[in-house]
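*Asks:* test case, fold it:
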Amino acid sequence: MSSAIWVVGSLNVDLTLSVPSLPRAGETVVGGQLQSRPGGKGANQAVACARQGAVTHLVAQVGRDFDTSWADRFAELGVQPHLRVSPTQPTGVALVMVEESGENLIGVFPGANAELSVSELPVHPGDLLLLQGEVAVEVNVAAAQAVKANGGKVVLNAAPAFLVPAEMPIDLLVVNELEFAVVGRDAAPWVVVTQGAAGATLLGPQGESQRQPGFPVRAADTVGAGDTFVGALAASWLTGQTLADAVRWACAAAAIAVTRPGIHEAIPTARQVADFLARQVGEGP
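*Replies:* Got it, this is the predicted structure:
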């Protein structure tokens, strides 16, 4: 049986507005195209894992207002959805503005995500659990403990940032520089600190530090780039690649994603990442 990735996390409706420039405080800007599409860190990272060829399960909670056709869309992308329905809360919503440079602003209403609970996960030794900060901390703790008890690995993308409880077992922490300042170095033996277009740094349990520069590309849309990175990293690590190689793979996947509009449709396949890296030999990072 192939090892699988279990993503326990958020699933939102993303309302994305394209604007010429992001508004300053007190400023109103008139946008162009408005899109409604599935998102949320859990959902995005699950799609990224599946696009790399990993057997991927998504455990999430939605409201009664959820468009059930989206579950079919996840299945088409290779994700096996396990969706619970909240009787009281609507599906979470993310309000996203993207300017012409590709930079973005995002605000999130958690909705049903805040009520997600996990009683049990049918994981096997060798499986990997991928978590984020968009569900309750106690849910993350319970899921991590269950997976470690069954011989699996735990990867936490602590975004939004939170203080990780001591009783939460983590093998790999993935954070950006702002989140790293909140979470700290001691939450996991291995830490990846992402730095946007500049790349990422891998920190090891013996004080090792390995820098992976970013790949220079022309960005069209940076929404979902971080989730692409995390999902590609987890999937690559699951295949047996070293963490250093997995970080390079993830940087390449994110670089490809930002050159394309959209979120799920922008995430590259494993073949596309491999071809991209093959072209970098002698040319770049």
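*Asks:* now the helices for this protein?
*Replies:* Using DSSP state H, the helices of the chain run over 41-51, 69-76, 137-149, 177-183, 225-238, 243-257, 270-280.
*Asks:* would you single out the least confident of those?
*Replies:* If you rank the helices of the chain by mean pLDDT, helix 69-76 sits at the bottom with a mean of 89.
*Asks:* rewinding a little: could you export the helices of the chain as a markdown table, including distance to residue 28 and mean neighbour count?
*Replies:* Backbone N, C-alpha and C define where each C-beta goes, glycine included. Shown next, in a markdown table, are the helices of the chain (distance: least, CB to CB, whole Å; neighbours: other CB atoms under 10 Å):
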| stretch | distance to residue 28 | mean neighbour count |
| --- | --- | --- |
| helix 41-51 | 28 | 30 |
| helix 69-76 | 31 | 14 |
| helix 137-149 | 36 | 19 |
| helix 177-183 | 27 | 15 |
| helix 225-238 | 27 | 28 |
| helix 243-257 | 30 | 25 |
| helix 270-280 | 39 | 15 |
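*Asks:* now tabulate the ones you listed in TSV and tack on distance to residue 113.
*Replies:* Below are those laid out as TSV (distance: least, CB to CB, whole Å):
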stretch	distance to residue 113
helix 41-51	8
helix 69-76	15
helix 137-149	10
helix 177-183	18
helix 225-238	15
helix 243-257	23
helix 270-280	29
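*Asks:* buried stuff in stretch 95-107?
*Replies:* 96-99, 102, 104 (16 or more other CB atoms under 10 Å).
*Asks:* does residue 87 touch residue 64 like I think?
*Replies:* Yes - using CB atoms under 8 Å, residue 87 makes contact with residue 64 at a distance of 7.4 Å.
*Asks:* who's more crowded, these two?
*Replies:* The neighbour count for residue 87 versus residue 64, taken as other CB atoms under 10 Å, is higher for residue 64 (12 against 8).
*Asks:* how far away is that one from residue 85?
*Replies:* 6 Å (CB to CB, to the nearest Å).
*Asks:* pLDDT below threshold where in this structure?
*Replies:* 1, 281-285 (pLDDT under 70).
*Asks:* quick one, strands of it?
*Replies:* All strands of the chain, identified by DSSP state E, fall at 4-8, 12-18, 34-39, 55-62, 79-85, 92-98, 104-109, 128-132, 153-157, 172-176, 190-194, 199-203, 209-213.
*Asks:* rebuild those as TSV, extending it with distance to residue 165.
*Replies:* Output for the strands of the chain, formatted as TSV (distance: least, CB to CB, whole Å):
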stretch	distance to residue 165
strand 4-8	16
strand 12-18	25
strand 34-39	27
strand 55-62	20
strand 79-85	23
strand 92-98	23
strand 104-109	22
strand 128-132	12
strand 153-157	11
strand 172-176	13
strand 190-194	17
strand 199-203	20
strand 209-213	26
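*Asks:* report the central residue of this structure.
*Replies:* residue 227 (2.9 Å; CA atoms, centre = their mean).
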